[in-house]
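S.K.: Take this sequence and fold it.
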Amino acid sequence: MNPTLPSGMQEEADKIKGDAIGNTMYSERWVLKTLIKLSEKYMDYTSSDDYRLESDLEGDLGLLWDMTIEPDVAKYLMDHNALDIIMDVLKFSGSPRLIEIMVGILGNVACEEEVRRLIGSNAELIKIIINLLTFTDSPTLLQLVRLLTTCIWNVAKETKVTVEEGGDNVAEIDSLEEGDCLWTRCLREESELVCRSINFILASSRNAELLTATLGLLESLFNLTWYSGDHFCKQFSTVECIQALMEALKEVTSHAGDESDSQANLRRVEAACAHWITVVHRMTYHHQGRNALREHAEAVCDLVGRLWPQPSEGSTVHTTLATELLEALSQQGEPEDGGGGCSPAG
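M.R.: Residues are numbered from 1 along each chain as shown. All right, here's what the predicted structure looks like:
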């Protein structure tokens, strides 16, 4: 049995507990004070040259960012209209550091289903988030790509339909009804910007963490419309994207053999390779993708042959995808697809 606290200490403990957010020890008053400070100060940082924030503001916002991994804190922020404040900051601030923190907070709170629903019901916020892909600050882009991947992956995962495949065979597949999802509609409306921005990141970034995350985002985009026209797969099936994908994988794997590689770096290389082969393999599912890949067939085959050995007993699914990719590229060109759904090469 715990000893009884003296009356003075008990009163202080009750005050702390009464100010705590949910089951955490974080203070409600402190969070509200920080939100108020943010709403009063963000217009002081409208320039893209504002890399440094007032030290007290940056310290408080950094702490708030850390706190948002707690579900109770995420819920508390939503209950106090934090999304509206964050949206205003993203609309009017040009400060890379301030935008990075705001997007990072969104990325944390978006791990909660309720928050994802709130974001997914706000077309203006979704469009602001998508348009941030044109930002050039790598730390901000890393947080942005993680946020987009979280939201898009869950949109594809959580929407299920049942499809009958002849007779009595019924298969449950992940699918998406285009007209029912703001995320999908907004992404399609901004397809050109999304493609251009992702290609630019893949082709020009030297940040292995950002490149790996962007490859994961591209895989999530492809999964978003697998059963609804494969829109993004076709949008990205261009010679420019193939070139960007090649540059990205070369950059991520360029130091993979160094003795100084940490386990984290090796895991990052493995993740990048897995995303890459999945994305490129998906491009072989229609005529446009196969033609784009054949423009760089020699280079693609060389890279694939070096990174994925010949299949053997116990081969991974990604080795199998690599083999199928090589087989698709070795075939002669086919006539144009009929314009309907996707069908595998071969």
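S.K.: CA only for contacts and neighbour counts going forward, please
M.R.: Will do.
S.K.: what packs against the host helix or strand of Asn154?
M.R.: Assigned by DSSP states H and E, Asn154 belongs to helix 138-158. Helices and strands touching helix 138-158, by 3 or more C-alpha pairs under 8 Å, 6 or more residues apart in numbering; DSSP states H and E, are helix 96-109, strand 170-174, helix 208-224.
S.K.: try 7 Å this time
M.R.: Helices and strands touching helix 138-158, by 3 or more C-alpha pairs under 7 Å, 6 or more residues apart in numbering; DSSP states H and E, are helix 96-109, helix 208-224.
S.K.: Output these in TSV, with mean pLDDT and distance to Thr319 appended to each entry.
M.R.: Shown next, in TSV, are the helices and strands packed on helix 138-158 (pLDDT from 0 to 100; distance: least, C-alpha to C-alpha, whole Å):
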stretch	mean pLDDT	distance to Thr319
helix 96-109	97	32
helix 208-224	94	17
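S.K.: Would you mind getting the angle between the helix holding Asn154 and helix 96-109?
M.R.: Using axes from the mean of the first three to the mean of the last three C-alpha atoms, to 10 degrees, the inter-axis angle of helix 138-158 relative to helix 96-109 is 20 degrees.
S.K.: rewinding a little: for the helices and strands packed on helix 138-158, give me JSON lines that also has mean neighbour count.
M.R.: Shown next, in JSON lines, are those (neighbours: other C-alpha atoms under 10 Å):
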{"stretch": "helix 96-109", "mean neighbour count": "24"}
{"stretch": "helix 208-224", "mean neighbour count": "24"}
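S.K.: Nearest to Leu133 among those would be which one?
M.R.: helix 208-224 (10.7 Å; C-alpha to C-alpha).
S.K.: Pull the closest one out as CSV, backbone CA atoms only.
M.R.: The C-alpha trace of helix 208-224 is given here as CSV (Å, rounded to 0.1, in the frame of the first residue of the first chain):
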residue,chain,number,x,y,z
ALA,A,208,18.8,8.9,-48.6
GLU,A,209,16.1,9.1,-45.9
LEU,A,210,14.0,11.4,-48.0
LEU,A,211,14.5,9.3,-51.2
THR,A,212,13.5,6.1,-49.4
ALA,A,213,10.4,7.8,-47.9
THR,A,214,9.5,9.2,-51.4
LEU,A,215,9.7,5.7,-52.9
GLY,A,216,7.4,4.5,-50.2
LEU,A,217,5.0,7.3,-51.0
LEU,A,218,5.0,6.4,-54.7
GLU,A,219,4.2,2.8,-53.9
SER,A,220,1.3,4.0,-51.7
LEU,A,221,0.0,6.2,-54.6
PHE,A,222,0.1,3.2,-56.9
ASN,A,223,-1.9,1.1,-54.4
LEU,A,224,-4.5,3.9,-54.1
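S.K.: Residues touching it, excluding its own?
M.R.: 142, 145-146, 149, 152-153, 156, 176, 202, 205, 230, 232-233, 248, 252, 268, 271-272, 275-276, 279 (C-alpha atoms under 7 Å, 6 or more residues apart in numbering).
S.K.: quick one: that helix to helix 138-158, angle?
M.R.: Inter-element angle recorded for helix 208-224 and helix 138-158: 30 degrees (by the same axes, to 10 degrees).
S.K.: Show me which of the contacts of helix 208-224 are buried.
M.R.: Listed as buried from these are 142, 145-146, 149, 152-153, 156, 176, 202, 205, 230, 232-233, 248, 252, 268, 272, 275-276, 279; burial here means 16 or more other C-alpha atoms under 10 Å.
S.K.: Least confident secondary structure element in the chain?
M.R.: Lowest by mean pLDDT, DSSP states H and E among the helices and strands of the chain is strand 160-164, with a mean of 37.
S.K.: what comes into contact with the helix holding Asn154?
M.R.: Under C-alpha under 7 Å, 6+ apart, the answer for helix 138-158 is 96, 99-100, 103-104, 106-107, 116, 133, 135, 174-176, 210, 213-214, 217, 220-221, 223-224.
S.K.: State the mean pLDDT of that helix.
M.R.: If you average the pLDDT over helix 138-158, you get 91.
S.K.: chain center to it, what's the gap?
M.R.: 2 Å (C-alpha atoms, centre = their mean, to the nearest Å).
S.K.: Repeat that for stretch 215-231.
M.R.: Chain-centre distance of stretch 215-231: 12 Å, with C-alpha atoms, centre = their mean.
S.K.: can you give me the end-to-end distance of it?
M.R.: With C-alpha to C-alpha, to the nearest Å as the measure, stretch 215-231 spans 17 Å from end to end.
S.K.: Also stretch 248-267?
M.R.: End-to-end distance for stretch 248-267: 16 Å, by C-alpha to C-alpha.
S.K.: what do you get for stretch 224-242?
M.R.: Length of stretch 224-242, first residue to last, C-alpha to C-alpha: 20 Å.
S.K.: From His231, how far out is Tyr76?
M.R.: Following C-alpha to C-alpha, the distance that separates Tyr76 from His231 is 37 Å.
S.K.: need the helices and strands packed on helix 138-158 in a markdown table with distance to Thr238, can you?
M.R.: Formatted as a markdown table, those follow (distance: least, C-alpha to C-alpha, whole Å):
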| stretch | distance to Thr238 |
| --- | --- |
| helix 96-109 | 30 |
| helix 208-224 | 14 |
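S.K.: Okay, helices next: where are they in the stretch 201-346 of the chain?
M.R.: Using DSSP state H, counting those that start in this stretch, the helices of the stretch 201-346 of the chain run over 208-224, 231-236, 239-253, 263-283, 287-295, 297-307, 317-330.
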